[in-house]
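Q: Structure for this input, please:
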Amino acid sequence: MSLAAVHATLSGLKECQTDIGTGMDIVTDVAMDLAETQEGADNSGISKMEAMILECAKLDREINHFVDIVQQVTAEVGAQPPEAMFSLTARVKEQFTEKIARLSDGELQRHQKVLAFKESIRNSLSQANPESAENMEDEDEDIAVTQSQVNFTCPLTQVDMVNPMKNKKCNHHYDEGAILDLIKKKHSQKKKCRCPVVGCENTDVSQSDLVPDQMLRRMIQNQKRQGNRT
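A: Down below sits the predicted model:
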């Protein structure tokens, strides 16, 4: 196996991760539809959707760890004699098996898409059943953002967001690709990434601060559909 073949395989896995993320968004949309209709009264459907989200999160996590291990092992092998390539597969398998054995399912609850799923379902159930909204306010106090505070336009691209990400620190939103590119650029310059929203005092935006906002994404999509009809 050549290093070029290894890199090609990793690229394929990263594309697979993109598809997994898209699938998780679709599952979230279906669960939100269930929560917003009478079917939401039957939580079994939503529970099945949540189980699917967790399985996808588990697969996404395993791919992340596998890619990291392969990159680490190939870097080590690259500095060794060519015959070291013959042990590449065995070394990756050993380290990956050890890594997976140490992981807990509880960690999946902190996956970005899982957090976004739960927040979206809470918001949808709240809208479908106003009587329960008051009880849910305390639970959602730290993550709630009113529609009046949200702008569909990304502060970086100045166009409507496609995949809005919410900053847990300052509650501002940005399009996923734009904010991740900015963070990467600033880190390459060894600088902190300041929140691009004018007047925001958050001077250190990191990827771990960002969570997908599925509710906002649906609002943007609904607005576009209404615009197309007119």
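Q: so where do the strands sit in this protein?
A: For the chain, the strands defined by DSSP state E occupy 164-167, 173-175, 210-212.
Q: out of the ones you listed, which comes closest to residue 35?
A: With CB to CB as the measure, strand 210-212 is the member of the strands of the chain nearest residue 35 (16.9 Å). Any C-beta I mention is one placed from the backbone N, CA and C, and that applies to glycine too.
Q: ok, that closest one: who's next to it in the sheet?
A: strand 164-167 (antiparallel) (DSSP bridges).
Q: average pLDDT across the longest helix along the chain?
A: Ranked by residue count under DSSP state H, the longest helix found in the chain is helix 43-78. Helix 43-78 shows a mean pLDDT of 88.
Q: Please name every helix or strand in contact with it.
A: helix 3-36, helix 88-101, helix 112-128 (3 or more CB pairs under 8 Å, 6 or more residues apart in numbering; DSSP states H and E).
Q: That one vs helix 88-101, what angle?
A: 140 degrees (axes from the mean of the first three to the mean of the last three CA atoms, to 10 degrees).
Q: report the angle between the axes of helix 43-78 and helix 3-36?
A: On the basis of the same axes, to 10 degrees, helix 43-78 is oriented at 170 degrees to helix 3-36.
Q: okay if I get the strands of the chain as CSV plus distance to residue 106 and mean pLDDT?
A: Shown next, in CSV, are the strands of the chain (distance: least, CB to CB, whole Å; pLDDT from 0 to 100):
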stretch, distance to residue 106, mean pLDDT
strand 164-167, 23, 92
strand 173-175, 28, 94
strand 210-212, 18, 89
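Q: domain parsing for this structure?
A: In the domain annotation for the chain, the residue ranges read 1-144, 148-230 (automatic domain parsing).
Q: Lowest mean pLDDT across those domains, which one is that?
A: Among the domains of the chain, domain 1-144 scores lowest, at a mean of 79.
Q: How far away from the center of its chain is that domain?
A: When distances are taken as CA atoms, centre = their mean, to the nearest Å, domain 1-144 is centred 8 Å away from the chain's centroid.
Q: returning to that earlier point: tell me which of the helices and strands packed on helix 43-78 sits nearest to residue 74.
A: Nearest of the helices and strands packed on helix 43-78 to residue 74, taken as CB to CB: helix 3-36 at 5.7 Å.
Q: Quick check: buried residues in the closest one?
A: 6, 10, 20-21, 24-25, 27-29, 31-32, 34-36 (16 or more other CB atoms under 10 Å).
Q: related to what we said a few turns ago, now the longest helix of the chain and helix 112-128, what's the angle there?
A: Interaxial angle of helix 43-78 relative to helix 112-128 (the same axes, to 10 degrees): 160 degrees.
Q: Show me which positions of helix 43-78 end up buried.
A: 45-46, 49-50, 52-54, 56-58, 60, 63, 66-67, 69-70, 73-74, 77.
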